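Asks: can't give you the sequence, but here's the structure:
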């Protein structure tokens, strides 16, 4: 059985979480400094171009610099169980692209197995699980998928159809209604121009493309623009 939310580390106070495409320790730390300096509630480190072991090296370096900040990990392309096997005890969060929830199934064996292993390991970070997420299995009923994920996923995390593409506003509204007060995150396409359209229904925004000057480097001016737009 899944632990109660109170058993997990506190959710980020600020609603914008910056995603850093990690390449090495120095690059990850440099961009973490930019993200936290801009006001991010936390960061996710992801390994598009490096191995999982190198990502863990980046994480340990960044964690040593920011021992009290919210720092999560995404082992790109890995399923929930292998990801859980790698995540360090000190990681604030784990994000996977596909939580393995099937909206029209009576039982959720993949999600249930994740919860059981998580309880056995005693990992107390926050699980951001992908539901109706880009490049995954098409979902016909996003509200049903969100409702099915609710018992297993701390922060139901969805996206638009592709990298840098925002989701339909009505998709987010339907998932919000199905989830009630349960946390919901958007992980693609959020920019200064559209963040206000989702501010009522989404709890967290995982942002990279619109605040970056390249695949691996954040842009301080674009970061400032995003946070300014959100405050306004």
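Replies: Yep, it's here. Computed from a predicted structure; not experimentally measured.

Asks: can you show me the helices along the chain?
Replies: For the chain, the helices defined by DSSP state H occupy 25-38, 52-65, 80-86, 109-121, 142-149, 169-179, 195-198, 220-231.

Asks: how far off helix 142-149 does the fourth one point, in degrees?
Replies: Here helix 109-121 runs at an angle of 30 degrees relative to helix 142-149 (axes from the mean of the first three to the mean of the last three CA atoms, to 10 degrees).

Asks: and helix 109-121, what's buried?
Replies: Neighbour-count burial for helix 109-121, counted by 16 or more other CB atoms under 10 Å, picks out 110-111, 114-115, 118. Every C-beta, even on glycine, is put in place using the N, C-alpha and C of the backbone.

Asks: turn those into JSON lines, columns for distance to residue 60 and pLDDT.
Replies: Conversion of the buried residues of helix 109-121 to JSON lines gives the following (distance: CB to CB, whole Å; pLDDT from 0 to 100):
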{"residue": "110", "distance to residue 60": "29", "pLDDT": "91"}
{"residue": "111", "distance to residue 60": "29", "pLDDT": "93"}
{"residue": "114", "distance to residue 60": "24", "pLDDT": "95"}
{"residue": "115", "distance to residue 60": "26", "pLDDT": "95"}
{"residue": "118", "distance to residue 60": "21", "pLDDT": "94"}
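
Asks: that older thread, just name the most buried of the helices of the chain.
Replies: Each of the helices of the chain was scored by mean neighbour count; the highest is helix 142-149, a mean of 23, by mean count of other CB atoms under 10 Å.

Asks: so for that helix, what's the average pLDDT?
Replies: Averaged across helix 142-149, pLDDT comes to 95.

Asks: show me what it packs onto, helices and strands only.
Replies: strand 155-158, helix 169-179 (3 or more CB pairs under 8 Å, 6 or more residues apart in numbering; DSSP states H and E).

Asks: I would like the residues contacting the longest one, please.
Replies: What it means is helix 169-179. For helix 169-179, contacts defined as CB atoms under 8 Å, 6 or more residues apart in numbering pick out 131-132, 142-147, 150, 156, 158, 184, 186, 197-198, 201-202.

Asks: ok, now with 6 Å
Replies: Identification of contacts with helix 169-179 by CB atoms under 6 Å, 6 or more residues apart in numbering yields 142-143, 146-147, 184, 197-198, 201-202.

Asks: the first one now?
Replies: Residues from elsewhere that reach strand 155-158, judged by CB under 6 Å, 6+ apart: 128, 130-133, 146, 149, 183-185, 187.
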